[in-house]
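*Asks:* For reference, the sequence and a predicted model appear below.
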Amino acid sequence: MNEVKKIDKEMDQFVVIGLGRFGKSVALTLASLGKEVLVLDDHPDAIKQIENQVSGAVVADSTGTDVLASLGVQNFDCVVNCIGEDLQASILTTLICKELGVKYIVAKAQTEQHKKVLEKIGADMVVFPETYMGRKVASTLANPSLNEILSLTDNLKIVEMATPDSWIDHSIGDMNIRNKYKITIIFIRRNKEIISPDQSTVILKDDTLIVAGEVNKINALSNKTKNVLDANQSLKDALDE
């Protein structure tokens with residue numbers, strides 16, 4: 001299995017190719033972070049929907065002869081190839097980017113075989129957005145008390161968690177949470193605010209806790225609470241990613 005190429009510096013200039021749900025989300029998120037974003041798609045309607053929110057937008061076929069070279073994609077820090085269903089276009093676009101000397105190439109894959117081909121021809125990072133989304137939706141439905149934010153390892157995660165009943169109106173220090181439950185509360189979402197808690201912070205009924213810990217410790221704790229997160233919002237967030 002190929003290792004993901006390390007990103008050794010901050011990237012500021014991006015090309016996003018393919019404006020499906022995933023590509024559009026990537027482009028708009030990068031633009032919201034103040035990055036220079038050039039988007040490319042062969043459907044005019046897709047370009048029209050986003051052209052006023054990014055640095056540049058071009059209607060073109062990324063597999064066309066000299067198209068990517070003429071746009072100077074090799075001068076950008078990163079190309080994100082979000083073409084998914086058209087495997088031939090996905091592979092050819094990645095190959096052209098590699099031949100042009102693009103510094104860092106991220107490519108979307110549909111299957112493990114597709115992933116292997118993309119890695120073989122030079123993609124630095126290959127992602128499965130649909131697989132990730134499917135797992136997140138299933139996880140939310142199976143346990144509405146939890147919403148996974150980040151998987152650090154197979155056994156260590158950062159999640160949003162509903163407040164356990166027994167914690168309500170008690171401080172973090174009084175409950176000795178880190179030692180007793182073997183998890184760490186990183187942040188608390190309270191109404192529309194994010195609080196960075198300390199040992200004196202009192203946990204309230206409607207707080208959403210952002211915690212880090214081992215999977216079995218988090219699951220054991222969530223099984224003891226009757227409170228749930230806003231499942232509709234969690235599913236919407238997952239589907240919008």
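*Replies:* Thanks, I have the structure now.

*Asks:* What strand or helix carries the residue of the chain most remote from its centre?
*Replies:* In the chain, counting by CA atoms, centre = their mean, D174 sits farthest out from the average C-alpha position, at 35.1 Å. Using DSSP states H and E, the secondary-structure element containing D174 is helix 172-175.

*Asks:* Residue ranges in this structure under the pLDDT threshold?
*Replies:* Where the chain drops to pLDDT under 70, the residues are 1-6, 8, 132-144, 226, 228-241.

*Asks:* give me every residue that touches the closest residue in space to S55 that isn't next to it in sequence.
*Replies:* Nearest non-adjacent residue to S55, counting by CB to CB, 6 or more residues apart in numbering: E36, 4.7 Å away. For the C-beta atoms, the positions are set from N, CA and C on the backbone; glycine is no exception. For E36, the contact set (CB atoms under 8 Å, 6 or more residues apart in numbering) comprises 12-14, 55, 76.

*Asks:* cutoff 10 Å now
*Replies:* Neighbour list for E36: 11-15, 30, 54-56, 76-77 [criterion: CB atoms under 10 Å, 6 or more residues apart in numbering].

*Asks:* go on, T63?
*Replies:* So T63 contacts 17, 42, 83, 86, 88-93, 95-96 (CB under 10 Å, 6+ apart).

*Asks:* How about G18?
*Replies:* G18 neighbours (CB under 10 Å, 6+ apart): 24, 26-27, 39-43, 46, 62, 80-86, 89-90, 93, 108.

*Asks:* Please parse this protein into its domains.
*Replies:* 13-130, 137-240 (automatic domain parsing).

*Asks:* Secondary structure of V26: a helix, I assume?
*Replies:* Yes. Applying DSSP: H, G, I helix; E, B strand; the rest coil, one finds V26 inside a helix.

*Asks:* hmm, back to that, ok, so of the contacts of T63, who is nearest I121?
*Replies:* L95 (4.9 Å; CB to CB).

*Asks:* Could you tell me how many residues sit around the closest residue to that closest one other than its chain neighbours?
*Replies:* The shortest distance from L95 to any non-neighbouring residue, by CB to CB, 6+ apart, is to I121 (4.9 Å). When neighbours are counted by other CB atoms under 10 Å, I121 registers 17.

*Asks:* just G72 next, same as before
*Replies:* The burial count for G72: 11, using other CB under 10 Å.

*Asks:* got the contact list for it?
*Replies:* Contacts of G72 by CB under 10 Å, 6+ apart are 15, 38, 100.

*Asks:* just checking, the last one touches S62?
*Replies:* What it means is L100. No. The criterion here is CB atoms under 10 Å, and L100 misses it with S62 at 11.4 Å.

*Asks:* higher neighbour count, those two?
*Replies:* Using other CB under 10 Å as the criterion, L100 and S62 rank with S62 on top: 25 against 17.

*Asks:* Which strand or helix spans the more buried one?
*Replies:* Using DSSP H and E, S62 sits in no helix or strand.

*Asks:* Where does the closest residue to it other than its chain neighbours fall, secondary structure wise?
*Replies:* The shortest distance from S62 to any non-neighbouring residue, by CB to CB, 6+ apart, is to T93 (4.4 Å). Taking DSSP H and E as the criterion, the element that holds T93 is helix 87-100.

*Asks:* Give me the helices and strands touching that helix, please.
*Replies:* strand 13-17, helix 67-70, strand 78-81, strand 105-108, helix 112-120 (3 or more CB pairs under 10 Å, 6 or more residues apart in numbering; DSSP states H and E).

*Asks:* Wait, the residue nearest to L95 touches K115, no?
*Replies:* No. Applying CB under 10 Å, one finds I121 not in contact with K115, separated by 11.4 Å.
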